[in-house]
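**Q** I would like to see how this sequence folds:
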Amino acid sequence: PDVVVRNYIPGDSIKHISWKLSAREQELKVRKIVGEEKQGIVLIGDTKRYMKDMQEYLPLESKLLEVMASLGMYLAENGMAYDTYLRENQIKSIRVENLSGYQAYYDMLAKVRFNQAESFAITMRELMDRALLWQSKIVFGVLHEIDDEIMSMVIKLSDAGVIVVLYVVSEEVCDRYMGQGNE
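**A** Numbers count the residues shown, from 1 in each chain. A predicted model of the protein is given here:
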């Protein structure tokens, strides 16, 4: 009774599973590691093309890439390492350890191809399934549109102690979702 446990989340180490309690409750339970701080910063970029007319989609896509570039530069200048994930038919990633690694990140952003077949929700779900977000301290998402499916994943991450910040680059107002989640 004095061991702090929580429900199992994909990506948790099987070393931390409380097998006796899991058997008793018929649900996987994991011992919380007290004092262990989550590490890691993740940036996820949306590569879906939402409009058909170039005059509509080009400014929006440029703004999204500018936000990604600015956020990456801020983190790199402040000595914070981060992983970036984008989807172009498959997940592409790059790790930036410091300011000298920023140029490769910027070059990756310059080559991004937006596509109507892509989806931020699919990218986020795949990253969660591959356990690439659960152990992060903070996840930044830069996207064009937000919906209930994305918010559901944000809530799951928040419940696991991950801070999630979404930058919605859009002409639309997203009042329904503003201020939700954790601090």
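
**Q** how much space is there between residue 73 and residue 101?
**A** Counting by C-beta to C-beta, to the nearest Å, the gap from residue 73 to residue 101 is 11 Å. The C-beta positions use only the backbone N, C-alpha and C, and glycine is treated the same way.

**Q** Could you do residue 156 as well?
**A** 30 Å.

**Q** right, and the helix or strand after the longest helix anywhere in the chain?
**A** Secondary structure of the chain read by DSSP state H shows that its longest helix is helix 54-77. Counting by DSSP states H and E, the next helix or strand C-terminal to helix 54-77 is strand 82-87.

**Q** Give me the helices and strands touching that next one, please.
**A** strand 41-45, helix 54-77, strand 91-96, helix 102-110, helix 120-129 (3 or more C-beta pairs under 8 Å, 6 or more residues apart in numbering; DSSP states H and E).

**Q** then the shortest one to PDB, C-alphas only?
**A** In this case it means strand 41-45. Output of strand 41-45 as PDB, limited to C-alpha atoms (Å, rounded to 0.1, in the frame of the first residue of the first chain):
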ATOM      1  CA  ILE A  41      11.900  18.100 -25.700                       C
ATOM      2  CA  VAL A  42      10.000  17.100 -28.800                       C
ATOM      3  CA  LEU A  43       8.800  19.300 -31.700                       C
ATOM      4  CA  ILE A  44       6.100  17.800 -34.000                       C
ATOM      5  CA  GLY A  45       5.300  19.600 -37.300                       C
END
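
**Q** avg pLDDT for that strand?
**A** Strand 41-45 shows a mean pLDDT of 95.

**Q** got the angle for it vs helix 54-77?
**A** On the basis of axes from the mean of the first three to the mean of the last three C-alpha atoms, to 10 degrees, strand 41-45 is oriented at 170 degrees to helix 54-77.

**Q** contacts for stretch 7-17?
**A** Applying C-beta atoms under 8 Å, 6 or more residues apart in numbering, the set of residues contacting stretch 7-17 from outside is 22, 27-31, 33, 128-129, 131-135, 156, 160.

**Q** Select only the buried ones of the residues you listed in ChimeraX?
**A** Applied in ChimeraX, the following selects the buried portion of the contacts of stretch 7-17 according to 16 or more other C-beta atoms under 10 Å:
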select :22,28,29,30,31,128,132,133,134,135,156,160
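
**Q** Strands - which of the contacts of stretch 7-17 land there?
**A** With DSSP state E as the criterion, strands contain 29-31 from among those.

**Q** now, among those, which is nearest to residue 150?
**A** Using C-beta to C-beta, the shortest approach to residue 150 within the ones in strands among the contacts of stretch 7-17 belongs to residue 30, at 25.4 Å.

**Q** who touches the residue most central in space within the chain in this structure?
**A** Residue closest to the average C-alpha location in the chain (C-alpha atoms, centre = their mean): residue 139, at 4.3 Å. The neighbourhood of residue 139, defined by C-beta under 8 Å, 6+ apart, consists of 41-44, 133, 157, 162-165.

**Q** Since that was my last question, I'll sign off now.
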